[in-house]
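# Sharing a sequence plus its predicted fold:
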Amino acid sequence: MLFRGLTAPRCAASIFCGVVLACLPTASPLWLLAALLIILTRTHIPAVLLAWCAGSLLAVPLSACYTQAGEAVLRAHTAFWSAIFQLPVICYLELHRARVMGSVVCGAIAGAAAAVASLLAFFFWRLRHPVRTEAL
């Protein structure tokens with residue numbers, strides 16, 4: 001009943017969103033925007049919460065890499081980032097801080113890996129247990 005109507009792409013998107021949300025700094029403007037987008041795009045909330053719990057455990061060892069990853073991304077294209085940070089809404093998301101940018105990058109990578117793993121698990125589950133349709 002809890003996972004009724006959950007398709008593989010919707011499940012993968014929900015897992016991606018939950019892991020990314022777990023890696024972002026809690027109650028920051030970026031976290032609130034991500035939570036709002038999760039609600040508005042109608043992802044599967046129980047799957048998001050499950051991935052958020054798992055992502056919270058994953059975020060502990062990843063947090064050591066946030067600052068280095070953020071600095072590497074921000075220093076890669078300084079002209080691009082200086083133009084982006086002057087946009088009206090982007091300037092309030094605190095992406096100019098290396099730790100916040102690193103949490104976005106590491107969260108996106110971890111979320112993509114978790115989403116791909118869930119798609120592969122669903123694919124192999126369907127190979128082992130095919131859906132049978134009976135003629136009426």
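Nice, thanks for sending it over.
# right, and Ala110 touches Cys23 too?
Yes: counting by C-beta atoms under 8 Å, Ala110 does reach Cys23; the two are 6.5 Å apart. Bear in mind the C-beta positions are built from the backbone N, C-alpha and C, glycine included.
# Number of residues surrounding Trp125?
Trp125 has 11 neighbouring residues, counting by other C-beta atoms under 10 Å.
# And the one 3 residues further on, by the same measure?
In terms of burial, Arg128 registers 7 neighbours under the definition other C-beta under 10 Å.
# So which bits of the longest helix along the chain are buried?
The helix spanning the most residues in the chain, taking DSSP state H as the definition, is helix 98-128. Within helix 98-128, the residues scored as buried using 16 or more other C-beta atoms under 10 Å are 98-107, 109-111, 114-115, 118, 122.
# Pull the contacting residues for the residue nearest to the spatial centre of the chain.
Nearest to the mean C-alpha position of the chain, counting by C-alpha atoms, centre = their mean, stands Val20 at 2.9 Å. Residues in contact with Val20, defined by C-beta atoms under 8 Å, 6 or more residues apart in numbering, are 34, 55, 104, 107-108, 110-111.
# Show me the shaky parts of this structure.
Residue ranges of the chain with pLDDT under 70: 1-5, 134-136.
# give me that answer again for 90
For the chain, the stretches with pLDDT under 90 are 1-11, 26-28, 37, 39, 41-47, 58-59, 77-78, 81-96, 122, 125-136.
# That'll do, ta.
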